[in-house]
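In: no sequence on this one, just coordinates:
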């Protein structure tokens, strides 16, 4: 099973600050996908195929990486970006998710 | 627009079974794999398995073999997951999620989730 390790576990950012969340895989994966989950709601696809923004996602978000190291970056933090972000690999069974990064507004 | 409407909250007794549903609309139900994902209280997400409604084929995370059974009813565009021999460890929110239409495995639409509480 591929284990995805996200860091940091929790962080707080000020409005306008640049934020980078990382996801490391225990084995190489072809792509990484990211989901945003707000409290009490279901996850939403946020970034797919490593760097493609899902419909409606602001372009201050970006994704990058390859192999075992991937990241999600917010160019300029906004209040509405406060949420938990999960990475997910679909390269090998069983599909796995990271444990999430909880991003708060400072 | 694509929608996945899941059934309501369940309170069930230990050792019993529960069957939750996920009604799809806004797309051709038989054309996309449907996946199920678990989220235990305060925890992250775990992939349970998928069903392809077009032919009923399934694949499970080994961890959920014998625990979860996935079925689909083409006539009503509804996917089901039955959980058996329930224990407190099965208390969680269960999501159905549609796999995207391409060849990669990610989930483009999610149901609202069903909270299952196992308690005597």
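Out: That came in fine, so what should we check first? Note that this is a predicted model, so its numbers are computed, not measured.
In: In contact with residue B:51: list those residues for me.
Out: B:33, B:34, B:57, B:58, B:70, B:71, B:72, B:79 (CB atoms under 8 Å, 6 or more residues apart in numbering or on different chains). Every C-beta, even on glycine, is put in place using the N, C-alpha and C of the backbone.
In: run the last query once more with 7 Å
Out: B:34, B:58, B:70, B:71, B:72, B:79 (CB atoms under 7 Å, 6 or more residues apart in numbering or on different chains).
In: and if you look at residue B:3?
Out: With CB under 7 Å, 6+ apart, residue B:3 has these contacts: B:25, B:26.
In: at 10 Å what do you get?
Out: Residue B:3 makes contact with B:23, B:24, B:25, B:26, B:27, B:109, B:111, B:112 under the criterion CB atoms under 10 Å, 6 or more residues apart in numbering or on different chains.
In: Reformat the residues you listed as TSV; add secondary structure and distance to chain A.
Out: TSV is the format used below for those (DSSP: H, G, I helix; E, B strand; the rest coil; distance: CB to the nearest CB, whole Å):
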residue	secondary structure	distance to chain A
B:23	strand	15
B:24	strand	15
B:25	strand	16
B:26	coil	14
B:27	coil	14
B:109	strand	8
B:111	coil	7
B:112	coil	6
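In: how about the residues of chain B near chain A?
Out: B:4, B:6, B:35, B:37, B:39, B:43-50, B:59-64, B:93, B:95-100, B:102-113 (CB under 10 Å from any CB of the partner chain).
In: on that earlier part again, of the contacts of residue B:3, closest to residue A:95?
Out: Of all the contacts of residue B:3, residue B:109 has the smallest distance to residue A:95: 16.2 Å, by CB to CB.
In: and residue B:9, backbone torsions?
Out: Per-residue torsions, residue B:9: phi -50, psi 140 (degrees, to the nearest 10).
In: for residue B:36, same thing?
Out: When read as degrees, to the nearest 10, the backbone of residue B:36 gives phi -130, psi 140.
In: quick one: contacts for the residue in chain B positioned nearest to chain A?
Out: Chain A sits closest to residue B:105 of chain B, with a gap of 2.7 Å, by CB to the nearest CB. The contact partners of residue B:105, by CB under 10 Å, 6+ apart, come to A:31, A:33, A:88-93, A:95, B:33, B:35, B:47, B:50, B:99.
In: Can you flag which of those belong to helices?
Out: Per DSSP state H, helices hold no members of the contacts of residue B:105.
In: Just flag the most distant two among these.
Out: Among the contacts of residue B:105, the pair separated by the greatest distance (CB to CB) is A:31 and B:50, at 17.6 Å.
In: Of all residues in chain B, which one is nearest the centre?
Out: Taking CA atoms, centre = their mean, the centroid of chain B lies closest to residue B:36, which sits 3.4 Å from it.
In: how many other residues sit next to the residue lying closest to that one once chain neighbours are set aside?
Out: By the measure of CB to CB, 6 or more residues apart in numbering or on different chains, the closest residue to residue B:36 outside its immediate chain neighbours is residue B:48, 4.2 Å from it. Using other CB atoms under 10 Å in any protein chain shown, residue B:48 has 22 other residues around it.
In: Looks to me like residue B:75 is in a helix.
Out: Yes - counting by DSSP: H, G, I helix; E, B strand; the rest coil, residue B:75 is found in a helix.
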